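Q: quick one, what's the 3D model for this:
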Amino acid sequence: MKVRWFVSHPSHSEDTAPVFFRALQQFDEEHDAIEIVWPPHDPMDLAARKTELEHSKLVIAEVSVASTGSGIDLGFAWTAKIPVIAFHQGTGIVSPIVPLIATSVNVYLTEDHILKVLATLA
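A: Modelled structure (predicted):
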């Protein structure tokens, strides 16, 4: 049985954080024992988000851009006591709540920065 990791990210962050998505895609391809779970396409389907998240062992969060949806995901994770590993690009200011909820907050510039952190969790 695969271990599920839920990915939380702001809408349209594929454009603002492409390094994060490339790293997760590469990690997913290289680790058969882990299932990367993406949020439902409908951001308003909170019940589906909560269900997917609650069936995951870990939340990987891209927090470079403030996002209501990501905030909801982090709140669900905190309530369910699911560890959150946060990543940000080091540009801008991370919400002050993120370090309070996240097990770790990691700055990245390249895919390798993200992959090294994820490898320690696999």
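Q: where does this protein have its least confident helix or strand?
A: Least confident helix or strand of the chain, by mean pLDDT, DSSP states H and E, is helix 13-16 with a mean of 72.
Q: how about it: buried residues?
A: Counting neighbours by 16 or more other CB atoms under 10 Å, one finds that the buried residues in helix 13-16 are S13. (Each C-beta comes from the backbone N, C-alpha and C, glycine too.)
Q: quick check: next helix or strand after that helix?
A: helix 18-30 (DSSP states H and E).
Q: mean confidence score for that next one?
A: For helix 18-30, the mean pLDDT works out to 95.
Q: and the least confident helix or strand of the chain, what does it pack against?
A: For helix 13-16, the elements it packs on are helix 18-30, judged by 3 or more CB pairs under 8 Å, 6 or more residues apart in numbering; DSSP states H and E.
Q: so which bits of the helix it packs on are buried?
A: Neighbour count says helix 18-30 has V19, F20, F21, A23, L24, F27 buried, by 16+ other CB under 10 Å.
Q: swap in stretch 89-103?
A: Neighbour counts over stretch 89-103 (16+ other CB under 10 Å) mark Q89, V94, S95, V98, I101, A102 as buried.
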